[in-house]
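In: sequence plus the predicted model coming up.
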Amino acid sequence: MQDTIYKELEKRCLEYGIKEADCFTALKIAADLNVSRNTVSQYLNELVKQGKVIKINTRPVYFYTKKEVEQVFQKTIDTVIFDSLDEFFSLGEKDTKNFAKLIGSNDSLRSVVEQCKAAISYPDHGLPLLIHGPTGTGKSMIASLLYEFAVDQGIIEKDKPFVSVNCSEYANNPELLTSNLFGHVKGAFTDAKEDNLGLIAVADGGLLFLDEVHCLPAECQEKLFFFMDKGMYHQLGDNENWLYSHCRIVFATTEDPQDVLLKTLLRRIPIMVNVPSLKDRPLIEKQQLLYSVFNEEAIRLQKNIEISNLVYQVFMDFHFSGNVGGMKNAIKAACASAFLNDQSSKDTLGIYVRDLPDYILETFPSIQLKGGDDTRDIMIPLSKLKGSFGNSNMLVQLYHRLLVRFEKNQQENIPFAMLVSDLKSIVQNYTDYLLYKNRYRKKVSENYLLKILDKIYSIVINKYSITISNNEINIYANMINEYAKNVIDAKMWVSSNTTEIDKVLELLENHAPREFVIAREIVDNVELNLDVELDNLMLSILTISLISLEKMESSATVAVILCHGYSTASSIANACNRLLDAYVFDGIDMELTVTTEKIVKQLNEYLKRKTGFKELILLVDMGSLEDIYKQMKPITDCNISIINNVNTKLALQVGEDLVKGKSTIMMLQEIEDTFTISTKYIEAKERQKVILTICATGFGAAKKISELLYDSIPKKVPVTIIPYDYQSLIENGINDPVFLKYDVVMIVGTLDPRVDTLPFIPVENLVMNNDIDTLNNLISEYTSVEEMKAFQSKLMKNFTLLNIVNHLTILNAEKLIDDVEDVVVDIEKRLNSELSMITKAGLYVHLSCLIERLILRNEVSYIEHQEEKLKKYSKFVEVCQEALSVVESRYSVEVPEAEILLIQNYFKTDLD
Ligand SMILES: Nc1ncnc2c1ncn2[C@@H]1O[C@H](COP(=O)(O)OP(=O)(O)OP(=O)(O)O)[C@@H](O)[C@H]1O
């Protein structure tokens, strides 16, 4: 067996190359050989003892055959146990010592370095080389290291120089550049008071580095390629004598060489290398850069440096347009700021988010709040940064940190509550990172996933009556989303640490059984609905997240932050809740292009989860306060405060006031003064409850319906009945000015104006006393059983068919009802079906109004999807047209097809 395992490891080394560390774990080998991990582990350790296999003692542990490694590193290796992958790989780097300072020279810049070396070493005088890449990616550094390499290798003699010229410095004086390069003789031009040898001559035998070569004037380029061809040139002002120089030339540019260099020059540069931008480099290299620059600063300032976890994550993630140079500058600026603000005389300097330059802070709304006094912000000493190069997956890093903390706490016998709080803060740092990382991103698939997770959480938390904020749901949804993307890495790591994870789980199950059950239910539902199998450590994290949540209590105030952007609102809400140490805010994140209507709808959905609140405080970012105000009015009966231009500071102030229990009016007044922003306050009791009555045929009929309703509803019910213009509602919908003025509770009328969120009662329902719960509920809220009975009998008396039709039309009601009855009976006969009494009553009212509408030329002439519907109901249309022909000739009207389709609605609902 030992032999088989060794051979398998040997095969892997050849097949994958030693850089693919993940292929060299006992677990991977065990899976392929179909034996247990323990057995493989045992044999591999045996082989390590025999000196045949190298072991990297990290988590997970990696194994390599010594023979293959020696071949790759091209050297004999004496040690077989290493503490980190970094230490192990650095063995192989020694050969490239000149480039050791260039981070990534063994990884993302490997081929760049190799090509550069090949160019400079090419006999006899090397080949011209062009280094191309965005600003700050290390082009100058590579050129200078290349010179050192050439000197070390004896390609360039020790006393020959490295001459660097930045062509952009001569952008306004191209002649000076030509003269500085090629030299000039005294009197060559007005200012040429003396002979000048020129830099090409100075660089003879050495290396000439022409940086920003795109600034080289065309004339100079021509002179240069002649020199590159022949090795000779004229000085300015002397066209007779040839000068000779044997320098190697390295060009660099940030521009596309094809666009900025003469084709003739380009043809003479056989090697071009491309240096990748920082964002395209592996995380591990960014971390190495971070370590190296902070370390330089630590030496300069003569202090130990620690950076907060969040600072670390921001550096890993921020897109520096100045690339490595930009990142270096930001680090230096952060150190300078921390050093200046450091009042203590301690040996260690802490770098926090607040020390970062403004242009970084501006991209992260909640970052500014995290200060040095935030004890939950874990500090990373530089040594730790150096040591963890082996693991760049952030989720795996989270897992690793959780287990290390767990084990440490176990050893020290720390109480359960403290352990939970410790673990929570580690998770919190990770979720901060996720929020930051995803601040601009929201994919459609993620949207879907977040929605489902939101549902799962809602169902489960309702079942167990716990309070969890929207933000927290969002945070855990984000985490599960991220987990789904890294599931392979996570599982691999978990499978190598099952014993320890089982211990965590056992502890949680014993100490927090209720939370454990809830978390398990969430995990099961995620698995069922999203097909994502969450591992046991994720189950532990979810359990921990539920531990200190309170029992559901309905709070009198609901405060919501609404912002555009993927996670702006949740970030602000989250940061404030944390700083206030209380669950005050929920955040609702909105797409950038969302309409106010959609916002209010989303808000409505959210409010459905809340019960019994009397104050709703909305903090919005978009300035369209007026729109929200208009649309919020009809949807809720609590006091609403809307505060504009929210930012973290403002939200924090509001949060503090709410925690202190300050009155809303006072709070609004104060923040208006302090923040010079506008607010709105809509007091619930000020709004008069109103029922609107409408009639598609005209205002007069609406008035008559309102009179009948007024007569029916007991006077003690605090509701006003207002006849209103049907057309205005159709045109303006929920934005109609009537909703600004009144708290409209329902609309009663002949045709539904379809105003979002408002109930509509067709007048025929009043006639048949059917489906009028909305009205009954309103009345019963203010009346006794007796009074309610009286109301209903009054309603029946007032809303008889004859009475209604009489009120609704100017025509003779009795005659009209007879006529429409004939039509309805005729249609029924022709269709061989009978309508229910309720539908019939509705249809009588409808047809009566229709005839009057036709006479008054107020008909509906087009409805949505008319053509499709006409096709679909062609038989009905034909039958109806025939049945209507009698009334058409009697009243001299013509019923349009759209109206026939509206009639069809009655038959459809009834016959379905
Ligand atoms: N791979 C790297 N490892 C370590 N330091 C680096 C690396 N790349 C760049 N740097 C450092 O970043 C800074 C900017 O690099 P450099 O000036 O070489 O970039 P550049 O590409 O020449 O920029 P520009 O196009 O603006 O001239 C320097 O301080 C350099 O030492």
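Out: Cool, the structure landed. Numbers count the residues shown, from 1 in each chain.
In: buried set for stretch 866-884?
Out: By 16 or more other Cβ atoms under 10 Å, the buried positions in stretch 866-884 come out as 869-870, 873, 876-877, 879-880, 883-884. Where you see a C-beta, it was placed from the backbone N, CA and C, and this is true even at glycine.
In: reformat the residues you listed as JSON lines; add pLDDT.
Out: Shown next, in JSON lines, are those (pLDDT from 0 to 100):
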{"residue": "K869", "pLDDT": "89"}
{"residue": "L870", "pLDDT": "91"}
{"residue": "Y873", "pLDDT": "90"}
{"residue": "F876", "pLDDT": "90"}
{"residue": "V877", "pLDDT": "93"}
{"residue": "V879", "pLDDT": "92"}
{"residue": "C880", "pLDDT": "93"}
{"residue": "A883", "pLDDT": "93"}
{"residue": "L884", "pLDDT": "93"}
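In: do you know how far the residue of the chain found nearest the ligand is from Y291?
Out: Relative to the ligand, the nearest point of the chain is G138 (2.6 Å; Cβ to the nearest ligand atom). Separation of G138 from Y291 (Cβ to Cβ, to the nearest Å): 16 Å.
In: between the two, which one's more packed in?
Out: Applying other Cβ atoms under 10 Å to G138 and Y291 shows that G138 carries more neighbours, namely 23 against 20.
In: without its sequence neighbours, what residue ends up closest to the more buried one?
Out: With Cβ to Cβ, 6 or more residues apart in numbering as the criterion, G138 has its nearest non-adjacent residue at 5.6 Å, and that residue is V324.
In: secondary structure element holding that neighbour?
Out: Using DSSP states H and E, V324 sits within helix 323-341.
In: CA atoms only for that helix, dumped as PDB, please.
Out: Presented in PDB, the C-alpha positions along helix 323-341 are these (Å, rounded to 0.1, in the frame of the first residue of the first chain):
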ATOM      1  CA  ASN A 323      -1.900  49.400  -9.400                       C
ATOM      2  CA  VAL A 324       1.000  48.400  -7.200                       C
ATOM      3  CA  GLY A 325       2.300  51.900  -7.000                       C
ATOM      4  CA  GLY A 326      -1.200  53.100  -6.000                       C
ATOM      5  CA  MET A 327      -1.500  50.400  -3.300                       C
ATOM      6  CA  LYS A 328       1.900  51.300  -2.000                       C
ATOM      7  CA  ASN A 329       1.000  55.000  -1.800                       C
ATOM      8  CA  ALA A 330      -2.300  54.100   0.000                       C
ATOM      9  CA  ILE A 331      -0.400  52.000   2.500                       C
ATOM     10  CA  LYS A 332       2.200  54.700   3.200                       C
ATOM     11  CA  ALA A 333      -0.600  57.300   3.600                       C
ATOM     12  CA  ALA A 334      -2.400  55.000   6.000                       C
ATOM     13  CA  CYS A 335       0.700  54.500   8.100                       C
ATOM     14  CA  ALA A 336       1.400  58.200   8.100                       C
ATOM     15  CA  SER A 337      -2.100  59.000   9.200                       C
ATOM     16  CA  ALA A 338      -2.000  56.400  12.000                       C
ATOM     17  CA  PHE A 339       1.400  57.600  13.100                       C
ATOM     18  CA  LEU A 340       0.200  61.200  13.300                       C
ATOM     19  CA  ASN A 341      -2.900  60.300  15.200                       C
END
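In: okay then, goodbye and thanks.
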